[in-house]
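**Q** requesting a structural model of the entry that follows:
(chains A, B and C)
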Amino acid sequence: MSDAHSPSETDHNGEAQKYHAFINLALALAAITGVELVLVYLPINQAVIFTVLIALSLFKFISVIAWFMHLIYDRLLLTLAFGTGLVIATGTVIALMFILDRSYVDFEAITAF
Amino acid sequence: MSDDAHNNDDGHHSLMVNNKKLLMWLFLGSDCMFFGTMISTHLIYRKLYPESYDPTSLFSLELTSFSTFILLMSSFLMALAVSAMHKGDIKSFRRNTIGVIFFGLIFLGCQVYEFTEFVHAGLTLSSGTFGSTFYMLTGTHGVHVAIGVFWLICMYFYSFTGKMDAHQSAVDVEIAGLYWHFVDIVWIIIFTAIYLIEFI
Amino acid sequence: MSSTLTDTPTSSTTHDHALKPETSNLGFMRPDHSKSVLIDWLTTVDHKKIGIMYGAIALFFLLIGGIEALIIRAQLAVPENDLVSAQRYNQLFTMHGTTMIFLAIMPLNAAFFNFLVPLQIGARDVAFPRLNSFSLWTFVAGALVLNFSWLMQAFSELGWFTASGPTAGMDDFVPGMGWFGYAPLTERQFTGAGTDFWILGLQILGIASLGAAMNFVATILNMRAPGMKMMRLPVFTWMTLVVSLLIIFAFPAITIALGQLMFDRMFDTNFFQVAEGGQPILWQHLFWIFGHPEVYILVLPAMGIVSEVLPTFSKKPLFGYPIVVFSGAVIGFLGFAVWSHHMFTTGLGKVATAAFSLLTMAIAVPTGVKIFNWIGTLWGGRVRFDAPMIFSIGFIWMFMMGGFSGIMHSAAPADAQQQDSYFVIAHFHYVAIGGILLASISGIYFWLPKIVGKMWTGNLSTWVAIFTTVGLNVTFFPMHFLGLIGMPRRTHTYLSGFGWDGYNMVCSIGAFILAFGVLLFVIDIILCMTKGKPAGNDPWDARTLEWATTSPPQHYNFGRTPIIPARDALWEHKHGPENRNINFEADDGHGIHMPSQSWMPVLASFGFAPLGLGLCLMQVGIPYMGYVAIAGLFTIALGIILWAVEGPGGYHLHPEEDKI
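**A** Numbering: from 1, shown residues only, chains lettered A, B, ... in the order given. The predicted model follows:
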């Protein structure tokens, strides 16, 4: 039975396009990693670097999912299946980061430092 | 009899998505929560006690960037391997798969080296909350990589049995690819949230 | 009189014996068409058999959990009682909760999912039959690991065994830290191996649930018969879908929490060790991020069952089907946003407390919407008070009462007094027994004739309803007052003179009334299975596809794939216009493709037992247990590899043609 990608001779052009996309993405990812490495050593404002790092990571994350993992070529259902997990996980992480705060820590009880 | 076997049903696909692929994406959604919980534990403890440990002297950003680069390149080769199997080109599939395995092993090697250095420097599982969260998170990720490498090795050898071809095995290779890419993108997050953050 | 789409094929059973098993890709013989009943049931991948096994095991553990409860209530009947020690009491309420939730209700829900969903969507089986088998036997392994602790405790009491090694000096082998395992009590310094049994047991059960959940999502999305659009699905199947998604996204949180706790206990990490900076409050967060969706995982299937029974016995379609489905989905989604309402008294801060309080109130809205829709279903219908209907109606009222106390909890200031008091126990037992149990009993009364092919005998169901409902209310209604006048939870005894004595005695009497009701239910089931008359295909004149098959269904479910014209497809077929009849796909001559049975999932699952037990026994100091655990890990890996390599196989059946 056919799935979303049935191999066929007529698909070679599409495969070649994807091959080029993969190469370009690989080069971009390598370059971005290099940029990140340099960025942390630059004497720029902390918050700016932080934001740029997050943005670059997000780009790497989304582009690997979209192209290497094919999601952009696949049915929306798969994006929803994965995306829901992502949204719930992100929401939970953010909520926890807000709720847990230093002001609630009992530093007397911590003997380690 | 085996024509429908790889779809695990009688051919009915209500939503025109392969069953195995759907299963893998659901698993990856679950794995998102799994790593998300561990990453948030680490970030919470770093937020609570930023002064308790300074890993900047211990972390070698060069090494970690190198291993990040290695993993990204392995993802690239994996995408090529999947492409090859779609075309039925077993030889190309094998070449690329060996490449992924090789790069995966290099990554694991870097991790092992890094962990050994850290332990010698005094950072262990019991070193406060930092040691606990760091090793559990990166260790679990490493185990995921190892399982992926093992899976690909099995696939590589299975490709010699003659039972793999574009029609039957494209999906199986594709889901192995999905798993591998996921492990890669988790590392992208870990690299930023665990390593890079400490330096800014 | 049964109206049926499928006559009993005459030749299918003889066909089976004529079939020969084939070898798999590994070269071993597949265990298909086995004459041995044991091998047939062990290696089955048939969703119906798997469902029956889940159900039988679940009912067994329901009784075990019930006995644990009766001992608890006997202990609390009078002040300063010494029926059981404090340690034993703690273990009883811990195991009661853990057993009821993970070993009784979840597998009972799994039993319904397994048996019904493929039939309701017109499919042959689930998307991954061997994964289904793996989930069942992994569940068995988890139940084994968790309850093995009782054996260790017995050995300890008899003086045959003392803990050494990591848990030296601690003699609690059965978990006794509450079903929610709060740190730091569960840390290495404070509790013994009981905590380890609990951790490993739950991890294994979690894996079983995750596998099953992914299987069901794939099945419901992908394996529907032609014409079975999503909005034509029975509500029960919709609830199965929502619950499966909840499991997929909620279980990882507890997996990590348990993993972190295990590492703290076994490998000296500091996730929850206060002296090293660990924050026990993190355990509470992670646990309840799982724990709150978990209670919706428990209750949504019950709501699905009620949504099937009420229309059937009112002879009316479900009122507001799209809204009921949408509400179920909203409840599931919002369930992830309310976890800290279990933590109102932990000092979260004003903003967090207010946010969670409001979200909790919000989640009552879709629940209320469903109640109105159920009442709307009854209104104007030709209501028949058969057994399933009585229990579903009971559900509406009793669950609502649990909902009222829940809303009272959602107000954080009120909760500040109610937290950790008997008020909470009243709330969740009303929703669990009044809600989940009554609905499950309703479902069993409804579907057992389909499952075993025999009809219920006599009127015992009326007495079951009376005793369970009376028992529920006599046991748990006074607990609202007990909580409001200040009796705390989880205390093994209490002093006289607080005004609690009378209430406690009443509660304990009620518990035995409830137990009697459950006993009558068990007797009724046995009577049905031994003395029941043949049920026929559609004894209730029902609405959904599973009633179109024989009772019990043929193991291939449908001889030919049905084509679905509408919602409530069977009802439309029986009573609707011609163009809404169910047709069947043409026979293409290939016959019915059936999945092969297999040993490999069984092999993989059973590896969890040595893995879990090995780690637990390592904690009590038995030597070489680490190797046992590693052997377990290898078994699991081996099972999975062989599973992958053997290939799905399959064979073809050619039953008599189905007639409409």
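
**Q** going forward, measure contacts between C-alpha atoms and count neighbours the same way
**A** Will do.

**Q** can you map out the helices along chain B?
**A** In chain B, helices defined by DSSP state H lie at B:19-48, B:61-87, B:90-121, B:128-158, B:166-190, B:197-199, listed in chain order.

**Q** tell me which of the ones you listed lies nearest to chain A.
**A** The closest of the helices of chain B to chain A is helix B:19-48. By C-alpha to the nearest C-alpha, the value is 4.5 Å.

**Q** buried residues in the closest one?
**A** Counting neighbours by 16 or more other C-alpha atoms under 10 Å in any protein chain shown, one finds that the buried residues in helix B:19-48 are B:19-46, B:48.

**Q** now for it, which elements pack on it?
**A** Here helix B:19-48 touches helix A:76-99, helix B:128-158, helix B:166-190, helix C:193-222, helix C:235-267, going by 3 or more C-alpha pairs under 8 Å, 6 or more residues apart in numbering or on different chains; DSSP states H and E.

**Q** so the shortest one, near chain B or not?
**A** In other words, helix A:76-99. Yes - against chain B, helix A:76-99 shows contacts by C-alpha under 8 Å from any C-alpha of the partner chain at A:78, A:81-86, A:88-90, A:93, A:96-97.

**Q** quick one: that helix to chain centroid distance?
**A** The chain centroid and the centroid of helix A:76-99 are separated by 13 Å under C-alpha atoms, centre = their mean, to the nearest Å.

**Q** now do it, average pLDDT.
**A** What helix A:76-99 shows for mean pLDDT is 85.

**Q** that helix near chain C anywhere?
**A** Yes - under the criterion of C-alpha under 8 Å from any C-alpha, chain C is reached by helix A:76-99 at A:85, A:88, A:99.

**Q** may I ask which of those has the most neighbours?
**A** A:Gly85 (27 neighbours; other C-alpha atoms under 10 Å in any protein chain shown).

**Q** now the angle between helix A:76-99 and the helix of greatest length in chain C, please.
**A** Longest helix in chain C, counting residues (DSSP H): helix C:280-314. Counting by axes from the mean of the first three to the mean of the last three C-alpha atoms, to 10 degrees, helix C:280-314 lies at 140 degrees to helix A:76-99.

**Q** next SSE downstream of helix C:280-314?
**A** Going down the chain from helix C:280-314, the next helix or strand is helix C:321-334, by DSSP states H and E.

**Q** now C:Phe446, nearest residue through space, not along the chain?
**A** The shortest distance from C:Phe446 to any non-neighbouring residue, by C-alpha to C-alpha, 6 or more residues apart in numbering or on different chains, is to C:Pro388 (5.3 Å).

**Q** buried residues in whichever strand or helix holds the one you found?
**A** Per DSSP H and E, C:Pro388 falls inside helix C:387-410. Neighbour-count burial for helix C:387-410 flags C:387-396, C:398-410 (criterion: 16+ other C-alpha under 10 Å).

**Q** go on, stretch C:159-171?
**A** Buried residues in stretch C:159-171 (16+ other C-alpha under 10 Å): C:162-164, C:166-167, C:170-171.

**Q** just the terminal-to-terminal distance for it.
**A** Terminal residues of stretch C:159-171 are spaced 11 Å apart (C-alpha to C-alpha, to the nearest Å).

**Q** remind me which residues of chain A are low pLDDT?
**A** Where chain A drops to pLDDT under 70, the residues are A:1-15.

**Q** coming back round to it: and the longest helix of chain C, what does it pack against?
**A** Taking 3+ C-alpha pairs under 8 Å, 6+ apart as the contact cut, helix C:280-314 packs with helix C:106-120, helix C:235-267, helix C:321-334, helix C:350-378, helix C:387-410, helix C:438-452.

**Q** give me the residues contacting the helix holding C:Pro388.
**A** C:306, C:309-310, C:313, C:341, C:357-358, C:360-361, C:364, C:371, C:374, C:414-415, C:418, C:423, C:426-431, C:434-436, C:438-439, C:441-446, C:461-462, C:465, C:469 (C-alpha atoms under 8 Å, 6 or more residues apart in numbering or on different chains).

**Q** show the buried residues in the residues you listed.
**A** Those of those that meet the buried threshold are C:306, C:309-310, C:313, C:341, C:357-358, C:360-361, C:364, C:371, C:374, C:415, C:418, C:423, C:426-431, C:434-436, C:438-439, C:441-446, C:461, C:465, C:469, by 16+ other C-alpha under 10 Å.

**Q** mind putting the helices and strands packed on helix C:280-314 into a markdown table with mean pLDDT?
**A** Formatted as a markdown table, the helices and strands packed on helix C:280-314 follow (pLDDT from 0 to 100):
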| stretch | mean pLDDT |
| --- | --- |
| helix C:106-120 | 97 |
| helix C:235-267 | 96 |
| helix C:321-334 | 95 |
| helix C:350-378 | 95 |
| helix C:387-410 | 96 |
| helix C:438-452 | 97 |
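
**Q** dump the ones you listed to TSV, plus distance to C:Thr530.
**A** Listed next are the helices and strands packed on helix C:280-314 as TSV, based on distance: least, C-alpha to C-alpha, whole Å:
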stretch	distance to C:Thr530
helix C:106-120	21
helix C:235-267	29
helix C:321-334	38
helix C:350-378	33
helix C:387-410	19
helix C:438-452	10
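
**Q** list the contacts for the most centrally placed residue in chain A?
**A** With distances taken as C-alpha atoms, centre = their mean, A:Phe61 lies nearest the centre of chain A, 1.8 Å away. Listed by C-alpha under 8 Å, 6+ apart, the contact partners of A:Phe61 are B:185, B:188-189.

**Q** using the record's domain definitions, break the chain down for me.
**A** In the absence of a named chain, chain A is used. For chain A, automatic domain parsing gives the domain ranges A:16-73, A:74-113.

**Q** meant chain C actually
**A** If you go by automatic domain parsing, chain C breaks into C:1-216+C:544-660, C:235-381, C:384-489+C:496-535.

**Q** now do the same end-to-end measure for the shortest one.
**A** According to C-alpha to C-alpha, domain C:384-489+C:496-535 extends 18 Å from its N-terminal end residue to its C-terminal end residue.

**Q** now residue 26. Nearest residue, chain neighbours left out?
**A** Picked chain A for this. Closest residue to A:Ala26 in three dimensions, ignoring its sequence neighbours and counting by C-alpha to C-alpha, 6+ apart: B:Phe76, at 6.0 Å.

**Q** that's the wrong chain, I meant chain C
**A** Nearest non-adjacent residue to C:Leu26, counting by C-alpha to C-alpha, 6+ apart: C:Glu646, 5.2 Å away.
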